[in-house]
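> Next input, structure requested:
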Amino acid sequence: MSYLNQKTIKNSLSFSGIGLHSGQNVNITIRPSSPDTGIIFKRVDLETNNLVYPNFMNVTNTSLNTTIENEYGVKISTIEHLMGALFGLGIDNALIEIDNEEVPILDGSAKNFIEKIIPTGLEVSEAPIKIIKINKKIEFKDGKRHISIQPSKLSLDIDFELKYENDVIGNQQNKINVYEDDLLEIFNSRTFCLYEDIEAIKKIGLAKGGSLENAIVVKNNEILNESGLRNDKEFVNHKILDCIGDLYTTGYRIIGSVVCSQGGHYLTNQLLRRVFENKENFSIIEIKERNLPHTIINRSLFKSIA
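Down below sits the predicted model:
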């Protein structure tokens, strides 16, 4: 099985759950798809104009989730955890059928997606994967928050810093090589919020489906979830998961180095818009496997599927 050929899942698989923000029940089915089709969402509850492409230019909302929308106003929200799982597993092509406007939150991480997709296995095509290599440093700042991407040799590195005044969350930092490191803790890390923010979030119509079953809730200096944290850096690791999922709205494997402080969906989307506004910022490349010291998907996850 070649690391550098496009892949899809071998068989269809389904998930059911509640939307974190909508509070509505939703079902999705991920189906195999042909080479060069990319990832496509299909709203099966609608008869027409129901295809939505997870491209960074189609992102219309970044408030507590990533929402994409087509030209007819059809939306899909909270795509980031599923997109992160697909990126990490090296899935280039898939049709995602969904019967509501929000991807189910499941346990608040990408864990359930990863665990169900791996046994399904991958189908490898003859088409080469799509890779972009960052040519120059691009950055975006929003007050004290900032994000940048710059050239790297043959890796996608993410260095993420999180700063909270809350003592439980505090300042956390983690740096990963997406294609080389063990990403288990990244994919298992759940979304989180402060207890005192819940009322304000619900007032703007979000988090209707939120609970201790799908989010970490921190109140003062206490984690309200009985099971506690899954890993010591679960807060910043979840932000890295979000970042991976949002980066996949390029539709490409990426060779570059990302540094982010206090970022989120908005910063990542703004960064991508700046990268792609000038063709000199990146190159679309094809790499021969014999010249590749490591993979353009995560090695350990790929071996699990293979």
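> can I assume residue 270 sits in a strand?
No. Using DSSP: H, G, I helix; E, B strand; the rest coil, the assignment for residue 270 is helix, not a strand.
> Excluding chain neighbours, what is closest to it?
residue 140 (4.6 Å; C-beta to C-beta, 6 or more residues apart in numbering). For every residue, glycine as well, the C-beta is placed using N, CA and C.
> Kindly report the same for residue 283.
residue 133 (4.9 Å).
> Show me what that neighbour bridges to in the sheet.
Going by DSSP bridges, residue 133 is paired in beta bridges with residue 255, residue 283.
> Neighbours of it, how many?
18 (other C-beta atoms under 10 Å).
> try the one 3 residues further on
The number of residues packed near residue 136 is 12, by other C-beta under 10 Å.
> same thing with residue 194?
Neighbours of residue 194 (other C-beta under 10 Å): 17.
> who's it bridged to?
residue 218.
> Check whether the residue nearest to residue 270 really touches residue 275, as I assumed.
No. Residue 140 is not in contact with residue 275 according to C-beta atoms under 8 Å; the separation is 9.7 Å.
> got the contact list for the residue nearest to residue 283?
Taking C-beta atoms under 8 Å, 6 or more residues apart in numbering, we find residue 133 in contact with 151, 255, 256, 282, 283, 285.
> Counting neighbours, what do you get for the third one?
Using other C-beta under 10 Å, residue 256 has 22 other residues around it.
> Now do the SS call for the residue positioned nearest the centre of the chain.
Nearest to the geometric centre of the chain sits residue 245, at 1.5 Å (C-alpha atoms, centre = their mean). Assigned with three-state DSSP, residue 245 falls in the helix class.
> hang on, the earlier thing: shared neighbours of residue 140 and residue 275, anything?
Common neighbours of residue 140 and residue 275 are not found (criterion: C-beta under 8 Å, 6+ apart).
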